[in-house]
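Novice: Below are the sequence and a predicted model for it; my questions follow.
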Amino acid sequence: MSTSEATAITRANIALAKYWGKSDVPLNLPAVPSISLTLDPMCTQTTVSFLSDLEQDEVSLDDQPASGRPLQRVVKVLDQVRALAGISRRARVRSGNNFPTASGLASSASGFAALVAASSAAAGLPRDDDRLSAMSRQASASAARSIYGGFVELPAGTPGDADLCARRLAPPEHWDVCIVVAVLAEGPKDVGSTEGMTLCEQTSPYYRPWIEASDALTDQVREGVLQRDLSKLGEAMEQSTLAMHACMMASRPGLLYWQPATLAALGAVKALRKQGIEVYSTMDAGPHVKALCHARDAERVASALADTPLVLRTLTARPGPDLELRQ
Ligand code: DP6
């Protein structure tokens, strides 16, 4: 029996300027640019072994055997890696997150980035982070950003551009900021991102205006990051979040991820700002609120959010490192 094995560790990321919409569905290219912060310590660890005695791919996610759509998405990545490396062996994949699935942080970004990196290394492909990012993007566009640490940009894709990858804007040590996640609900969301984007594109009257607004918002977020100007970044980040959610809400049927706790947490962030703390909120395709602040204010922000009615708990993250690979 011949084996080849590799382990990858990647971090979750949070978009500061949001990706929502596709310019090329088969290649999974984003219609808008996005900028994210890679988060420590929220990580996925994935080990892939290609084994000559396996008849089909075996996948476990957080110690549970995968089946259905999640298994299909993993097998699609493994098939691409096998085609590139010219191998046919099936794989055993073990993947686990150190943050709970219902934590308000997407596990698909770090999950697909770790899967692409570990399977490419196990298949003997030389490490090339741009290629890993482009392959991760094809599996889930936000995953392209989890290959790199710190502040990361994924440009909008021109249809047909199969090689589109994310790039590092600034390393983790560039800026001592924190993300405080206010977890507001348990359980998975009803409508996933991919499905939500399709619905918006097909039915929301605000889809085009959202696409048109996104370049200027991303420019302001980028400047805020590079100049370490939290107010500049924060204003554009809040606008990007609210414009994306307005686009979702206006689709048919309306896509409303908000819960009463969402408004309470957004209000708490605003109240902190009135008290002179530089803190701004963002949300993804779910009810949870994430607050960006200076590291020196993180404890105060976390305790204000934890004391907000209907907030279940908080998690605090810092800028995280690049992908780590072990063989
Ligand atoms: C709201 O990357 O999960 O979190 O490419 O269809 O897999 P697919 O979508 P996904 O969408 C993430 C959307 C978002 C914003 C963001 O992370 O930029």
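Specialist: Nice, thanks for sending it over. Numbering: from 1, shown residues only.
Novice: any idea which element the residue lying closest to Gln239 once chain neighbours are set aside lies in?
Specialist: For Gln239, the nearest residue in space outside its immediate sequence neighbours is Leu217; the separation is 5.8 Å by C-beta to C-beta, 6 or more residues apart in numbering. (Glycine included, C-beta is placed from N, CA and C.) Assigned by DSSP states H and E, Leu217 falls within helix 207-226.
Novice: That helix: what's the following helix or strand?
Specialist: Sequence-wise, the next helix or strand downstream of helix 207-226 (DSSP H and E) is helix 230-249.
Novice: Restricting to C-alpha, output that next one in PDB.
Specialist: This file holds the C-alpha atoms of helix 230-249, laid out as PDB (Å, rounded to 0.1, in the frame of the first residue of the first chain):
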ATOM      1  CA  LEU A 230     -10.400  52.700  11.900                       C
ATOM      2  CA  SER A 231     -13.100  55.400  11.300                       C
ATOM      3  CA  LYS A 232     -12.500  55.500   7.600                       C
ATOM      4  CA  LEU A 233     -12.500  51.700   7.400                       C
ATOM      5  CA  GLY A 234     -15.500  51.300   9.800                       C
ATOM      6  CA  GLU A 235     -17.800  53.700   8.000                       C
ATOM      7  CA  ALA A 236     -17.300  51.900   4.700                       C
ATOM      8  CA  MET A 237     -17.600  48.400   6.400                       C
ATOM      9  CA  GLU A 238     -20.900  49.300   8.000                       C
ATOM     10  CA  GLN A 239     -22.200  50.700   4.700                       C
ATOM     11  CA  SER A 240     -21.000  47.500   2.800                       C
ATOM     12  CA  THR A 241     -22.800  45.300   5.300                       C
ATOM     13  CA  LEU A 242     -26.100  47.300   5.300                       C
ATOM     14  CA  ALA A 243     -26.100  47.700   1.500                       C
ATOM     15  CA  MET A 244     -25.600  43.900   1.100                       C
ATOM     16  CA  HIS A 245     -28.400  43.200   3.600                       C
ATOM     17  CA  ALA A 246     -30.700  45.700   1.900                       C
ATOM     18  CA  CYS A 247     -30.100  43.800  -1.400                       C
ATOM     19  CA  MET A 248     -30.900  40.500   0.400                       C
ATOM     20  CA  MET A 249     -34.100  41.900   2.000                       C
END
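Novice: helices or strands next to the helix or strand that that helix is followed by in the packing?
Specialist: In the C-terminal direction, the helix or strand that comes right after helix 230-249 (DSSP H and E) is helix 260-274. Packing contacts for helix 260-274, counted by 3 or more C-beta pairs under 8 Å, 6 or more residues apart in numbering; DSSP states H and E, involve strand 177-183, strand 279-282, strand 289-294, helix 298-306.
Novice: just checking, Leu115 touches Thr46?
Specialist: Yes. With contact defined as C-beta atoms under 8 Å, Leu115 counts as touching Thr46 (5.4 Å).
Novice: Overlap of the contact sets of these two?
Specialist: Overlap between the contact sets of Leu115 and Thr46, as judged by C-beta atoms under 8 Å, 6 or more residues apart in numbering, is given by Ala8, Val93, Ser95.
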